[in-house]
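K.L.:
Quick one, fold the following:
(chains A and B)
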2 protein chains.
Amino acid sequence: MQGVQQGTRQPASPPAAYAPTDRTVPTRAAQRASYDKDLVHAILDEGYVCHLGFVRDGAPVVLPTLYARVGERLYVHGSTGSRPLRMTGQADPGLAVSLTVTHVDGLVLARSAFHHSINYRSVVVHGIAHRVTDPEEKRLALDALVDHVVPGRSRDSRPASAKEFAATSVIRLDLDEVSAKARTGGVNDEPEDLALPHWAGVVPLRKGYGTPLPDPGLKPGTELPDYLAAL
Amino acid sequence: MQGVQQGTRQPASPPAAYAPTDRTVPTRAAQRASYDKDLVHAILDEGYVCHLGFVRDGAPVVLPTLYARVGERLYVHGSTGSRPLRMTGQADPGLAVSLTVTHVDGLVLARSAFHHSINYRSVVVHGIAHRVTDPEEKRLALDALVDHVVPGRSRDSRPASAKEFAATSVIRLDLDEVSAKARTGGVNDEPEDLALPHWAGVVPLRKGYGTPLPDPGLKPGTELPDYLAAL
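P.N.:
Okay, here's the model as predicted:
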């Protein structure tokens, strides 16, 4: 069967890319755009804070919030009293959102001011966010939100009580209209600028974790768990 | 005169806070909100990548982009062909935007999943962005955008040519409807959870710079400038 598939060039699995749309094809620097699912997933999985945009009274609102990916769905949570979560309501048609995740990797310092840039990787998701009403999906999403920040943490904490569970809203956004954008590499100066005396190059940016600070009320003898020591 | 001012309690300078509006007063966690100008400026000046939201065909769009603050104005730039910059046009009424800057400072790991949180500082600006048409303001804004990423860099690079200057658009957003929001400190567990065996505390997040990577075409003998060595 493998030979047949190779011979007819039929894919063994669904296309591993999102279909571009008018909203996800950039008007410029199109070579930086990608619809590759693996790349999109990798960018999303490396972060846990997104910027969620929605429209309120005709004007845009952009708020930072935590997110988690489970397969081809993103989840965002918050208090039932918070604005975007109230706006999703319990029913359709949901809330039109744009969810963006950005990693800044380096400062690109060219000889010319014009060609200064940033190395970055970002994902922009467009779609309609819906309130999660199925209790099982909601609980899985809440675990994913904790584990997305610190893998393994949800199993090492007290699960939400019924009251806490009810006080939290979760919204779901399907990965459907999605694009990644990235700039990598070095400076792109004009040929006539190469002889200029200015230093040019890339300053990489680093992210990391500091030493964990135990809660002063921690029970004596409580050791730092392996999944935190490994960060 | 100083004595008179103190006696009548007249402020020596304008109020050092932005006036709250319906959009900048949160529906919850109001104790985390601040309108203090110094705090807002400090959060804005620590970053250089914002998330800019606008409305296109009735739907929200959130894009990462560079920004700089000059006094009570924010500047964002881009190609004249990019979507939000084209939408600002040359004339009023401008483009309604929400511009958000977020710093993530630490992971707050509580004993209960529900009380997990993030230490962060963010600023959300609402307003109408206008295209900068005055050439002098535009040039100052472009310098500020370079210096906001690396202080001192604009003086150590070739200024924009007339062609580059014309190919770049700059938009201005006044700091008027602005709020900061921050979470700091340790875990807030329920009293009945304190005896649970789970490790609890804060994992600080660190940001920094890696070793600058010189452009392979750098003129031999070009040394790393002090303002980069000091990063």
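K.L.:
Now the residue lying farthest from the centre of chain A: closest residue in space that isn't a chain neighbour?
P.N.:
Within chain A, the residue lying farthest from the chain centre (C-alpha atoms, centre = their mean) is A:A195, at 40.4 Å. Closest residue to A:A195 apart from its sequence neighbours, by C-beta to C-beta, 6 or more residues apart in numbering or on different chains: B:K219 at 6.8 Å. No exception for glycine: its C-beta is placed from N, CA and C like everyone else's.
K.L.:
Then A:L145?
P.N.:
A:A68 is the one closest to A:L145 (C-beta to C-beta, 6+ apart), at 4.6 Å.
K.L.:
Just want the phi and psi numbers for that neighbour.
P.N.:
Dihedral angles of A:A68 (phi, psi; degrees, to the nearest 10) stand at phi -150, psi 150.
K.L.:
what's across from it in the sheet?
P.N.:
For A:A68, the beta-bridge partners are A:Y75 (DSSP bridges).
K.L.:
Would you confirm that it contacts A:P151?
P.N.:
No: checked against C-beta atoms under 8 Å, the pair A:A68 and A:P151 is beyond contact range at 10.9 Å.
K.L.:
So which of those two has more stuff around it?
P.N.:
A:A68 (24 against 11; other C-beta atoms under 10 Å in any protein chain shown).
K.L.:
Please, where are all the helices along chain A?
P.N.:
Using DSSP state H, the helices of chain A run over A:2-8, A:37-46, A:83-88, A:135-149, A:162-167, A:226-229.
K.L.:
And those helices, which one averages the lowest pLDDT?
P.N.:
Here the lowest mean pLDDT among those goes to helix A:2-8, at a mean of 41.
K.L.:
What's the separation between the closest residue in space to A:T184 that isn't next to it in sequence and chain B?
P.N.:
Leaving aside its sequence neighbours, A:T184 sits nearest to A:N119 (C-beta to C-beta, 6+ apart; 5.6 Å). Distance, A:N119 to chain B, using C-beta to the nearest C-beta, to the nearest Å: 11 Å.
K.L.:
Show me what A:N119 is bridged to.
P.N.:
Going by DSSP bridges, A:N119 forms beta bridges with A:G106.
K.L.:
and it, what pLDDT?
P.N.:
97.
K.L.:
likewise the one 3 residues further on?
P.N.:
A:S122 carries a pLDDT score of 97 in this model.
K.L.:
got the CA positions of stretch A:176-195 in PDB?
P.N.:
Extracted in PDB, the C-alpha atoms of stretch A:176-195 (Å, rounded to 0.1, in the frame of the first residue of the first chain):
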ATOM      1  CA  ASP A 176      -8.800  27.300  11.200                       C
ATOM      2  CA  GLU A 177      -8.000  30.800   9.900                       C
ATOM      3  CA  VAL A 178      -4.400  30.900  11.100                       C
ATOM      4  CA  SER A 179      -1.000  32.200   9.900                       C
ATOM      5  CA  ALA A 180       2.500  32.300  11.300                       C
ATOM      6  CA  LYS A 181       5.000  35.000  10.500                       C
ATOM      7  CA  ALA A 182       8.700  35.000  11.200                       C
ATOM      8  CA  ARG A 183      11.800  37.000  10.500                       C
ATOM      9  CA  THR A 184      15.100  35.200  11.100                       C
ATOM     10  CA  GLY A 185      18.700  35.700  10.100                       C
ATOM     11  CA  GLY A 186      21.000  38.700   9.800                       C
ATOM     12  CA  VAL A 187      21.000  42.200   8.600                       C
ATOM     13  CA  ASN A 188      19.800  43.200   5.100                       C
ATOM     14  CA  ASP A 189      21.700  46.300   4.400                       C
ATOM     15  CA  GLU A 190      21.900  48.100   1.000                       C
ATOM     16  CA  PRO A 191      25.100  47.200  -0.900                       C
ATOM     17  CA  GLU A 192      26.200  50.800  -0.900                       C
ATOM     18  CA  ASP A 193      26.000  50.900   2.900                       C
ATOM     19  CA  LEU A 194      28.300  48.000   3.600                       C
ATOM     20  CA  ALA A 195      31.400  50.200   3.900                       C
END
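K.L.:
Give the buried residues for that stretch.
P.N.:
Buried residues in stretch A:176-195, defined by neighbour count with 16 or more other C-beta atoms under 10 Å in any protein chain shown: A:177-183, A:186-187, A:189, A:193.
K.L.:
Distance from that stretch to the middle of the chain?
P.N.:
Here the centre of stretch A:176-195 is set off from its chain's centre by 21 Å, with C-alpha atoms, centre = their mean, to the nearest Å.
K.L.:
Quick check, central residue of chain A?
P.N.:
Short answer for chain A (C-alpha atoms, centre = their mean): A:L44, at 3.4 Å.
K.L.:
Ignoring the adjacent residues along the chain, who's closest to it?
P.N.:
Closest to A:L44 by C-beta to C-beta, 6+ apart is A:R69, at 4.8 Å.
K.L.:
what sits against the one you found?
P.N.:
If a contact means C-beta atoms under 8 Å, 6 or more residues apart in numbering or on different chains, then A:R69 has A:41, A:44-45, A:75, A:144, A:148, A:175 as its contacts.
K.L.:
A:L228 against A:P212, yeah?
P.N.:
Yes: if you go by C-beta under 8 Å, A:L228 and A:P212 touch, sitting 5.7 Å apart.
K.L.:
re the thing from before, burial of the residue nearest to A:A195, as a residue count?
P.N.:
14.
K.L.:
what about stretch A:121-134 and chain B, touching?
P.N.:
Yes: against chain B, stretch A:121-134 shows contacts by C-beta under 8 Å from any C-beta of the partner chain at A:122, A:124, A:126.
K.L.:
Do a quick rundown of the strands in chain A.
P.N.:
A:33-34, A:49-56, A:59-70, A:73-79, A:95-109, A:117-131, A:168-174, A:177-183, A:201-209, A:213-214 (DSSP state E).
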